[in-house]
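Asks: Generate a structure from the sequence data that follows.
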Amino acid sequence: MMETQLWHPVVAAQDLDRAPVAAALLETELALWRDSQGVVHAWADRCPHRGAKFSLGRVVEDRLECGYHGWQFATDGRCRFVPALPAFSPPASHCAQVYEAREAYGLIWVRLGQSASEIPVFAAESDARLRKVNCGPYLVQTSAPRLVENFLDMSHFGFVHEGWLGDRAHVAMQDYEVHKTTTGILATNCQAWQPKSNLHSATGSMVDYTYEVNAPYTCILTKAPDPSTLGAHIVDKSSFRESIALFVCPITPETSRVWIRMAMTDFESPDSALQNFQNTIFGQDQPVLESQSPKRLPLDLRAELHTVADKASSSYRRYLSEQGITFGVC
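Replies: From the prediction side, this is the model:
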């Protein structure tokens, strides 16, 4: 399956300390833990001895100990100690299922299969002028592709986000462009009138958006913010842009966990204020997303109706087909 060859976010980095944590990805149960050096490990959440969950155990020095019989497994997955048989040297076949894990953007990412893929690039991460804040996770009863397509969709702003990101009196869309890239698709010259494009906007204005899908379950929105809301540390206000990344973990074909990482100019507001704003926006989307039928995104463009206003989502569906994505689509 192509999806297993991709990196996916599974938990917030701050939620993983020394105790093992349970997570799920692509219908696979995981146990995540850190060794004494803080290195992250991701294993199948099943002890090979009697099938108990590793996430119910504990970390002993640099070994994960099963909570059922106390078997201890080293960072390479090999069993190194069986308490019932202290003199026993477990063979190489006594091992846990080990997956690759990395830490990036304040999240723990896991890849179930072997490949040369990399974690999706969030270019704004390296810009020191921008403050990074994570929002979520949001557990949503819909497929990962439905979430990405909603993130790409501007024509719902005036209805779902009325008074926040849109207004019914300003819903006519200007034409925009969609291009293929080496990693996905890019939508440019996207214009939307917004009464409150960010936490500090005092008046409505047209906002220029760029959307980039650079992995099947990731989308990055870049926008030119209201110049009056930019801090003094931004010298060239005319060309400065903020970014918001949508990172989706596909748990089952119809269940997803979502994080939103914001790279913003606001260094004054507390994290909670920025997160509450995003919680409000996502809270408006969630009931609509969970109402869609089917929950899996149809890749056959004849299955649902489309107009030129939907060409970003139509291009996204074609991209998923070309990538051979089968998880969360129909």
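
Asks: Only C-alpha atoms from now on, for both contacts and neighbour counts.
Replies: Noted.

Asks: Show me how this structure divides into domains.
Replies: 2-111, 123-323 (automatic domain parsing).

Asks: surely I244 meets L221?
Replies: Yes - at 5.1 Å, I244 counts as touching L221 under the criterion of CA atoms under 8 Å.

Asks: Looking only at neighbour counts, state which of those two leads.
Replies: Ranked by neighbour count (other CA atoms under 10 Å), I244 and L221 place I244 first, with 21 against 18.

Asks: so the more buried one, which of the three states?
Replies: strand (DSSP: H, G, I helix; E, B strand; the rest coil).

Asks: Please name the bridge partners of it.
Replies: L221, M262 (DSSP bridges).

Asks: D208 now?
Replies: According to DSSP bridges, the residues that bridge with D208 are Q191.

Asks: Without its sequence neighbours, what residue ends up closest to D271?
Replies: V133 (6.8 Å; CA to CA, 6 or more residues apart in numbering).

Asks: number of nearby residues for the one you found?
Replies: 18.

Asks: Was I right to think it contacts D266?
Replies: No - assessed by CA under 8 Å, V133 is found out of contact with D266, at 10.3 Å.

Asks: what's stretch 135-153 in contact with?
Replies: Identification of contacts with stretch 135-153 by CA atoms under 8 Å, 6 or more residues apart in numbering yields 211, 216-219, 246, 248-250, 252-262, 275, 278-279, 286, 289-290, 295-297, 310, 312-313, 316, 328-329.

Asks: State the mean pLDDT of that stretch.
Replies: If you average the pLDDT over stretch 135-153, you get 98.

Asks: try stretch 44-56
Replies: So the average pLDDT for stretch 44-56 ends up being 98.

Asks: Kindly report the same for stretch 60-69.
Replies: 96.

Asks: So which bits of that stretch are buried?
Replies: 62-67 (16 or more other CA atoms under 10 Å).

Asks: where does the residue positioned nearest the centre of the chain fall, helix, sheet strand or coil?
Replies: Geometric centre of the chain, nearest residue: F247, 1.6 Å, by CA atoms, centre = their mean. Here F247 is recorded as strand under three-state DSSP.

Asks: Where do the strands of the stretch 1-150 of the chain begin and end?
Replies: 8-12, 21-25, 28-34, 40-44, 58-60, 63-65, 72-73, 79-81, 98-104, 107-111, 131-140 (DSSP state E, counting those that start in this stretch).

Asks: returning to what we had before: from the contacts of stretch 135-153, list just the buried residues.
Replies: By neighbour count, with 16+ other CA under 10 Å, those hold 211, 216-219, 246, 248-250, 252-262, 275, 278-279, 286, 289-290, 295-297, 310, 312-313, 316, 328-329 as buried.

Asks: before we move on, back to that, identify whichever of the domains of the chain lies nearest to S117.
Replies: Taking CA to CA, domain 2-111 is the member of the domains of the chain nearest to S117, at 6.1 Å.

Asks: Give me the distance between the two termini of the closest one.
Replies: 11 Å (CA to CA, to the nearest Å).

Asks: Use 47 as the first number for this chain going forward.
Replies: Got it, first residue is 47 now, which makes that one domain 48-157.

Asks: from the middle of its chain, how far away would that domain be?
Replies: How far domain 48-157 lies from its chain's middle: 22 Å, per CA atoms, centre = their mean, to the nearest Å.

Asks: Quick one: residues contacting the residue nearest to the centre of the chain.
Replies: Shown in contact with F293 (CA under 8 Å, 6+ apart): 54-55, 263-265, 304-307.

Asks: confidence score at it?
Replies: 98.

Asks: Kindly list the longest helix within the chain.
Replies: What stands out as the longest helix in the chain, according to DSSP state H, is helix 317-337.

Asks: and K341, helix, strand or coil?
Replies: Applying three-state DSSP: K341 is coil.

Asks: Now do the longest helix of the chain: which elements does it pack against?
Replies: strand 177-186, helix 190-198 (3 or more CA pairs under 8 Å, 6 or more residues apart in numbering; DSSP states H and E).

Asks: Out of these, which is the most enclosed?
Replies: Counting by mean count of other CA atoms under 10 Å, helix 190-198 has the highest mean neighbour count of these, with a mean of 23.

Asks: Brilliant, that's me finished.
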